[in-house]
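Colleague: Here is a sequence together with a model predicted from it:
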Amino acid sequence: MTIGMTVLIILVVLLAAFVAVFLYRLAVLRRGGTAAILRVTPAPGDTGWRHGVIRYGEGSLVFFKLSSLRPGPDSRIERQGIEVAGRRSPEGSEFDIMSEEIIILSVKDRGSSYEIALDGGALTAFLSWVESRPSGRSVRGRRL
């Protein structure tokens with residue numbers, strides 16, 4: 001086998017792997033969730049916003065970027081540690097990717113801070129999810 005043929009086989013295998021990862025990520029995103037725009041703060045100016053999908057679980061919220069090939073979630077926010085620090089409307093160049101109906105929440109989670117941009121329905125769902133979390137003092141235990 002020539003060197004050219006070996007290189008071609010390697011390139012075909014790499015391309016097949018890339019396509020497989022892309023299709024897997026597409027399948028993960030199509031399973032549903034809420035459209036959101038998220039950024040990790042502090043971020044300079046109006047930069048760092050990423051479009052994606054958030055999914056609510058019993059213990060955490062996970063965020064999947066639309067432009068990522070990572071097999072798992074790109075960010076995870078734990079439900080028990082979450083604190084909504086404030087809300088605001090988009091400003092400046094944020095209007096390039098957001099409309100006036102969007103609300104931006106400042107969220108903290110045990111040392112990490114984020115901004116999440118949500119529309120009205122998604123904002124209601126997020127706040128309901130946060131407010132309905134179990135109290136940190138309540139402990140469910142099973143008797144053995």
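Modeller: That came through fine.

Colleague: can you pull out the strands in this structure?
Modeller: Along the chain, counting by DSSP state E, strands occupy 34-41, 50-56, 60-65, 75-78, 82-88, 103-109, 112-118.

Colleague: what's the closest of these to residue 14?
Modeller: strand 60-65 (22.3 Å; C-beta to C-beta). C-beta coordinates here come from the backbone N, C-alpha and C atoms, glycine included.

Colleague: Show residues contacting that closest one.
Modeller: The contact list for strand 60-65 (C-beta atoms under 8 Å, 6 or more residues apart in numbering) reads 25, 28-29, 33, 36, 38, 50-55, 73-79, 82, 126, 129.

Colleague: re the thing from before, reformat the strands of the chain into JSON lines and put mean neighbour count, mean pLDDT and distance to residue 6 next to each item.
Modeller: Compiled in JSON lines, these are given as follows (neighbours: other C-beta atoms under 10 Å; pLDDT from 0 to 100; distance: least, C-beta to C-beta, whole Å):
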{"stretch": "strand 34-41", "mean neighbour count": "18", "mean pLDDT": "90", "distance to residue 6": "42"}
{"stretch": "strand 50-56", "mean neighbour count": "18", "mean pLDDT": "90", "distance to residue 6": "38"}
{"stretch": "strand 60-65", "mean neighbour count": "20", "mean pLDDT": "90", "distance to residue 6": "35"}
{"stretch": "strand 75-78", "mean neighbour count": "17", "mean pLDDT": "90", "distance to residue 6": "40"}
{"stretch": "strand 82-88", "mean neighbour count": "13", "mean pLDDT": "91", "distance to residue 6": "52"}
{"stretch": "strand 103-109", "mean neighbour count": "18", "mean pLDDT": "92", "distance to residue 6": "48"}
{"stretch": "strand 112-118", "mean neighbour count": "20", "mean pLDDT": "92", "distance to residue 6": "45"}
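
Colleague: would JSON lines of those with distance to residue 20 be doable?
Modeller: Formatted as JSON lines, the strands of the chain follow (distance: least, C-beta to C-beta, whole Å):
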{"stretch": "strand 34-41", "distance to residue 20": "25"}
{"stretch": "strand 50-56", "distance to residue 20": "20"}
{"stretch": "strand 60-65", "distance to residue 20": "17"}
{"stretch": "strand 75-78", "distance to residue 20": "24"}
{"stretch": "strand 82-88", "distance to residue 20": "34"}
{"stretch": "strand 103-109", "distance to residue 20": "32"}
{"stretch": "strand 112-118", "distance to residue 20": "30"}
